[in-house]
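Asker: would you be able to build a 3D model of this:
(one chain, ligands or ions: 1)
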Amino acid sequence: MTKGLTVRGLSFEYGAKKALDNVSLEVPAGRFCALLGPNGAGKSTLVSLLTRLLVAPKGEIEIAGQDLRAAPRRALAQLGVVFQQPTLDLSLSVRQNLMYFAALHGIARSEIPGRIDAALDRLDMRARADEKAAALNGGHRRRMELARALLHEPSVLLLDEPTVGLDAAARAAITAHVHDLADRGLCVLWTTHLTDEVRDDDALLVLHRGRIIQSGVTGAIRGNQTLSDWFLAQTGAPA
Ligand SMILES: Nc1ncnc2c1ncn2[C@@H]1O[C@H](COP(=O)(O)OP(=O)(O)OP(=O)(O)O)[C@@H](O)[C@H]1O
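Answerer: Below you'll find the model as predicted:
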């Protein structure tokens, strides 16, 4: 059974507005896939469908081999998500935020401390475990959300423009962390409109006006152009 993410023939409309049109994609385990699209391309709609905040009338989604429509609990149990907007309780400590989430996922009480320490270690955040989330800077808050998304040991990690609002150093750190997670076997889908977050050996999908218009390995498909120039030529949008 695949540990990756598969989408087939996904379409979605808001009333008369077509937001996604027959989108198909495949991201295997151990791959970092950047979904690059300008504003309004349909990235957030796709994220909402993958997380079941919206349900598509047409198309299939499989998360680690589990069909999201037929077996939503099993499918969502394999998905870790970092949403675009922060979703932390700032009055709780880092550890308390993670404990609450672990309990929501039904992780056994005896396992929770070990899982939290392991997740924080992966993100170099263990030393901050007892600080209030409010005391962390934006980059560390994002790292904490990433640690939280990994607590239930998902096979697939979905991040929706996760660097919005971060400074350059924090953006680079979080981008590097997530690449490292993919190198260790996670399937990663990272949505962005920023070309400098994408590496040449990443898988790349370009979403434009609800359709996947390009896919391949970034370095190969951009050719001799910078990714930014290539993307602009594809979509007419500055990166
Ligand atoms: N609730 C809604 N009702 C009607 N149209 C919507 C709604 N949400 C999104 N749309 C439209 O659907 C299209 C895709 O929007 P979506 O938010 O998925 O794009 P996006 O790539 O996430 O953009 P951004 O980078 O600006 O967040 C856009 O044309 C948008 O205007």
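Asker: can you give me how far the lengthiest helix in the chain is from the chain middle?
Answerer: Across the chain, the helix with the greatest residue count (assigned by DSSP state H) is helix 168-183. With CA atoms, centre = their mean, to the nearest Å as the basis, helix 168-183 stands 12 Å off its chain's centre.
Asker: CA atoms only for that helix, dumped as CSV, please.
Answerer: Listed next in CSV are the C-alpha coordinates belonging to helix 168-183 (Å, rounded to 0.1, in the frame of the first residue of the first chain):
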residue,chain,number,x,y,z
ALA,A,168,13.9,35.4,5.8
ALA,A,169,15.8,33.4,8.5
ALA,A,170,12.7,31.7,9.9
ARG,A,171,11.4,30.9,6.3
ALA,A,172,14.7,29.3,5.4
ALA,A,173,14.8,27.3,8.7
ILE,A,174,11.3,25.9,8.3
THR,A,175,11.8,25.1,4.6
ALA,A,176,15.0,23.2,5.5
HIS,A,177,13.3,21.3,8.3
VAL,A,178,10.5,20.1,6.1
HIS,A,179,12.9,19.1,3.3
ASP,A,180,14.7,17.1,5.9
LEU,A,181,11.5,15.4,6.9
ALA,A,182,10.9,14.4,3.3
ASP,A,183,14.4,13.0,3.1
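Asker: is it true that Leu166 touches Asn137?
Answerer: No - Leu166 lies out of contact with Asn137 (CB atoms under 8 Å); the separation is 9.0 Å. For every residue, glycine as well, the C-beta is placed using N, CA and C.
Asker: that older thread, counting by contacts, list what the longest helix of the chain packs against.
Answerer: strand 32-36, helix 138-150, strand 156-160, strand 187-192 (3 or more CB pairs under 8 Å, 6 or more residues apart in numbering; DSSP states H and E).
Asker: compare the mean pLDDT across the ones you listed and name the weakest.
Answerer: Looking over those, mean pLDDT reaches its minimum on helix 138-150, with a mean of 93.
Asker: excluding covalently adjacent residues, which one is nearest to Val198?
Answerer: Excluding its sequence neighbours, the residue lying closest to Val198 (CB to CB, 6 or more residues apart in numbering) is Ala34, at 4.3 Å.
Asker: hang on, I meant Ala182
Answerer: Phe32 (3.9 Å).
Asker: distance check, that neighbour against the ligand.
Answerer: Note on Phe32: its distance to the ligand, by CB to the nearest ligand atom, to the nearest Å, is 19 Å.
Asker: return the residues of this protein in contact with the ligand.
Answerer: Tyr14, Lys17, Ala19, Gly37, Asn39, Gly40, Ala41, Gly42, Lys43, Ser44, Thr45, His193 (CB under 6 Å from any ligand atom).
Asker: tell me which of the residues you listed fall in strands.
Answerer: Those of these mapping onto strands are Tyr14, Lys17, Ala19, per DSSP state E.
Asker: quick check on the residues you listed: which are buried?
Answerer: Ala19 (16 or more other CB atoms under 10 Å).
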